[in-house]
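J.: let me see the structure of the following:
(one chain, ligands or ions: 1)
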Amino acid sequence: MKSSRDKRRDKRPQADRSSPPAGRSERPVAPRRNPDTPDTKPAPEPKAAPRVLKRREGALPAERLPVILEVSPNADYALLDSGDGEKLEQYGPYRIVRPEGQAIWQKALPAKEWANVDAVFTGDTDEEGMGRWRFPKTPLGETWPMRHDGIDYLGRFTSFRHVGVFPEQGSHWDHMASLIRNAKRPVKVLNLFGYTGLASLVAARAGAEVTHVDASKKAIGWARENQLMAGLGEKPIRWICEDAMKFAEREERRGNGYDIILFDPPAYGRGPKGEVWQLFEDLPALTDICRSILTPKPLAVVLTAYSIRASFFAIHALMRDTFAGMGGTIESGELIIREKAAGRALSTSLFSRWVAS
Ligand SMILES: C[S@@+](CC[C@H](N)C(=O)[O-])C[C@H]1O[C@@H](n2cnc3c(N)ncnc32)[C@H](O)[C@@H]1O
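T.: Below is the predicted model of the structure:
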């Protein structure tokens, strides 16, 4: 039988397949029609049966909302200023200007501060890769040394205006690291849609055994580079280039379990073999599978969503229903970055997480 995902496969226009990833820096309510694109050619796939979702039995978990998780300016990263549709950020040694659709207010810093920058994302659609960036001072290489909470990694100018890290995720990483350390037992972490691997590195440093999954071979390569850069080469991390849904389904069939699952899916994306990911259609099934592949004593499941037309109440309801009978608490809200110049909050994404205690 054809799954709804299979039926959708290859129905999207060709242009969409080569377009850039859904920009996380967009306001969550602003949908984008561009997928996170894998760098391998889509090919026909065997069909999988659709998942039949049943309402889970049992008491709903406790709830806590709204929870606003905030990243403040720090030595590694700072949102310096924002306004007039742009943001000015400090990534390690570099000051970078990128578009920011949500910044509908006025810039607080004087124009000379905005001119004194190292890189500006031009968004020139005729260009690929670093061609879409302008370097007003000196031409810069594709990568540069960055650090998150003592973990060295590479910042990176990508053609999709991203820079190899989503600093707002730091709140989730801190929370996850403390769960791993406090567990005082072996902890297995699954990081779906893992990108350049920062969350995987934070988990591994805290002592977890990590499985990292992403559809992009390029992103997996960057994540492996980051592992070496961080000096965490000996830590147990499995780097897997695969469609997130397929991987999770397989783990369920095999009876494999995880204590913590992170999933940070784009609005639209593609697996390495052309599998279509559409958040509104596929999230309920993936959330359900995530619940099924938890160990008997799980610690947390953390969902982030961005660039979608939804409120955190929507993913809160999905998570709370899916984790019925599990006890614990569902906490939901937004991830925000606090700006240095005028203290304004830039919302980056919605989240909902189940925590055992
Ligand atoms: C923006 S990122 C997630 C960021 C990451 N959680 C972090 O904090 O660094 C979205 C990732 O999803 C991946 N992706 C898109 N569609 C996918 C799919 N069907 N299966 C697995 N990964 C996918 C993209 O390659 C991209 O790396």
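J.: excluding chain neighbours, what is closest to residue 351?
T.: Take residue 351 and drop its neighbours on the chain: the residue closest to it by C-beta to C-beta, 6 or more residues apart in numbering is residue 304, 4.7 Å away. In this view, the C-beta of every residue, glycine as well, is placed from N, C-alpha and C.
J.: what sits against residue 124?
T.: Counting by C-beta atoms under 8 Å, 6 or more residues apart in numbering, residue 124 makes contact with 131, 132.
J.: count the residues that sit near the residue in the chain that the ligand sits nearest to.
T.: Nearest to the ligand, among the residues of the chain, is residue 269, at 2.3 Å (C-beta to the nearest ligand atom). Residue 269 has 25 neighbours, counted by other C-beta atoms under 10 Å.
J.: residue 128 now?
T.: 9.
J.: if I read this right, it contacts residue 158, doesn't it?
T.: No - judged on C-beta atoms under 8 Å, residue 128 makes no contact with residue 158 at a distance of 10.2 Å.
J.: and residue 116, what are its phi and psi?
T.: Dihedral angles of residue 116 (phi, psi; degrees, to the nearest 10) stand at phi -90, psi 70.
J.: quick one, what contacts it?
T.: Contacts of residue 116 (C-beta under 8 Å, 6+ apart): residue 95.
J.: at 10 Å instead, please
T.: 88, 95, 109, 110, 136, 137 (C-beta atoms under 10 Å, 6 or more residues apart in numbering).
J.: any idea which of those is the one closest to residue 233?
T.: For those, the residue nearest residue 233 by C-beta to C-beta is residue 95; the value is 31.1 Å.
J.: quick check, pLDDT for the closest residue to the closest one other than its chain neighbours.
T.: With sequence-adjacent residues excluded and distances taken as C-beta to C-beta, 6+ apart, residue 95 is closest to residue 117, at 4.4 Å. You'll see residue 117 listed with a pLDDT of 98.
J.: contact residues of the stretch 251-357 of the chain facing the ligand?
T.: Proximity of the stretch 251-357 of the chain to the ligand, by C-beta under 6 Å from any ligand atom, involves residues 264, 266, 269, 270, 271, 275, 277.
J.: give me that answer again for 5 Å
T.: 264, 266, 269, 271, 277 (C-beta under 5 Å from any ligand atom).
J.: so the fourth one touches residue 240, yeah?
T.: No - the pair residue 271 / residue 240 is not scored as a contact, 11.6 Å apart, by C-beta atoms under 10 Å.
J.: quick one: classify residue 200 as helix, strand or coil.
T.: Per DSSP: H, G, I helix; E, B strand; the rest coil, the secondary structure class of residue 200 is helix.
J.: before we move on, back to that, the residue nearest to residue 351: how many residues sit nearby?
T.: For residue 304, using other C-beta under 10 Å, the count is 24.
J.: secondary structure element for it, which one?
T.: Assessed by DSSP states H and E, residue 304 sits inside strand 300-305.
J.: where's the residue nearest to residue 95 relative to residue 91, distance?
T.: According to C-beta to C-beta, to the nearest Å, residue 117 and residue 91 sit 11 Å apart.
J.: mind listing what residue 86 touches?
T.: 97, 98, 99, 100, 101, 103, 107, 114, 120, 121.
J.: tell me if I'm right that the fourth one and residue 344 touch.
T.: No - Residue 100 is beyond contact range of residue 344, at 11.1 Å (criterion: C-beta under 10 Å).
J.: have a look at those two and say which one is more surrounded.
T.: Between residue 100 and residue 344, residue 100 has the larger neighbour count (other C-beta under 10 Å), namely 22 against 18.
J.: next up, the contacts around the closest residue to that one other than its chain neighbours.
T.: Excluding the flanking residues, the one nearest residue 100 by C-beta to C-beta, 6+ apart is residue 87, at 4.0 Å. Counting by C-beta under 10 Å, 6+ apart, residue 87 makes contact with 25, 79-81, 96-103, 107, 337, 339, 346.
J.: thinking again about what came up before, angle of the next helix or strand after the strand holding residue 304 against strand 300-305?
T.: Using DSSP H and E, the helix or strand that follows strand 300-305 in sequence is helix 312-322. With axes from the mean of the first three to the mean of the last three C-alpha atoms, to 10 degrees applied, the angle from helix 312-322 to strand 300-305 works out at 150 degrees.
J.: and helix 312-322, what does it pack onto?
T.: Packed against helix 312-322 by the contact rule (3 or more C-beta pairs under 10 Å, 6 or more residues apart in numbering; DSSP states H and E) you find strand 62-71, helix 279-292, strand 300-305, strand 329-338, strand 345-355.
J.: ok, now with 6 Å
T.: helix 279-292, strand 329-338, strand 345-355 (3 or more C-beta pairs under 6 Å, 6 or more residues apart in numbering; DSSP states H and E).
J.: need the ones you listed in a markdown table (columns: mean neighbour count, mean pLDDT and distance to residue 176).
T.: Shown next, in a markdown table, are the helices and strands packed on helix 312-322 (neighbours: other C-beta atoms under 10 Å; pLDDT from 0 to 100; distance: least, C-beta to C-beta, whole Å):
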| stretch | mean neighbour count | mean pLDDT | distance to residue 176 |
| --- | --- | --- | --- |
| helix 279-292 | 20 | 97 | 15 |
| strand 329-338 | 22 | 98 | 13 |
| strand 345-355 | 23 | 97 | 9 |
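J.: re the thing from before, how far is the host helix or strand of the residue of the chain closest to the ligand from where the chain is centred?
T.: Taking DSSP H and E as the definition, residue 269 sits inside strand 268-270. Between the centre of strand 268-270 and the centre of its chain there are 13 Å (C-alpha atoms, centre = their mean, to the nearest Å).
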